[in-house]
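1. Here is my input, please return the structure:
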Amino acid sequence: MKSVTIYTDGACSGNPGPGGWGAILKYGDIEREISGGEKETTNNRMELLAVIKALEALKEPCKVALYTDSQYIVNAINKGWLKGWKAEGWKRKDGELKNPDLWQRLDKLISVHEVSFNWVKGHSDNEFNNRCDALAVEQRDKFS
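-> Numbers count the residues shown, from 1 in each chain. Just a heads-up that it's a prediction; the model follows:
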């Protein structure tokens, strides 16, 4: 199984508002940047879409070290929230689950790949997170 490192970030002006996402995929010496955006979205949707699009870009099952500044995503996986939401029929015990369409897509992808989710501090000294942020902002600004 190939080992890939992925960095992701999302950006949004207003919540909802125009948004963008960016990701960097690293395999050995190879780096690939991908990004996209939407006219009317939320920050959490952009964070999730960055992770989803990066995992969808992999051509075969991989061992992935994924880095994001979204504690929401890291906690949903590492604290078992996603499994609980799935068991509850894509709902939270105390109400509506936001973005169930994206969580379902992510759930399918993490059943294909062996993914470890790692939190990095945003807008700090991680060059890859900062580059993902720049990609996301560039995409967001196309809609502003």
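
2. Next one: the residue positioned nearest the centre of the chain from Ser144, what distance?
-> When Cα atoms, centre = their mean is applied to the chain, the residue found nearest the centroid is Val51 (2.6 Å). Per Cβ to Cβ, to the nearest Å, Val51 is found 23 Å from Ser144. Where you see a C-beta, it was placed from the backbone N, CA and C, and this is true even at glycine.

3. before we move on, what about Trp81?
-> Taken as Cβ to Cβ, the span from Trp81 to Ser144 is 32 Å.

4. same thing with Arg45?
-> Counting by Cβ to Cβ - Arg45 and Ser144 are separated by 17 Å.

5. Compare those two (neighbour count), which wins?
-> Per other Cβ atoms under 10 Å, whichever of Arg45 and Ser144 has more neighbours is Arg45, with 21 against 13.

6. How about the more buried one: what's its closest non-neighbour residue?
-> Spatial nearest neighbour of Arg45, excluding adjacent residues (Cβ to Cβ, 6 or more residues apart in numbering): Asn99 at 5.8 Å.
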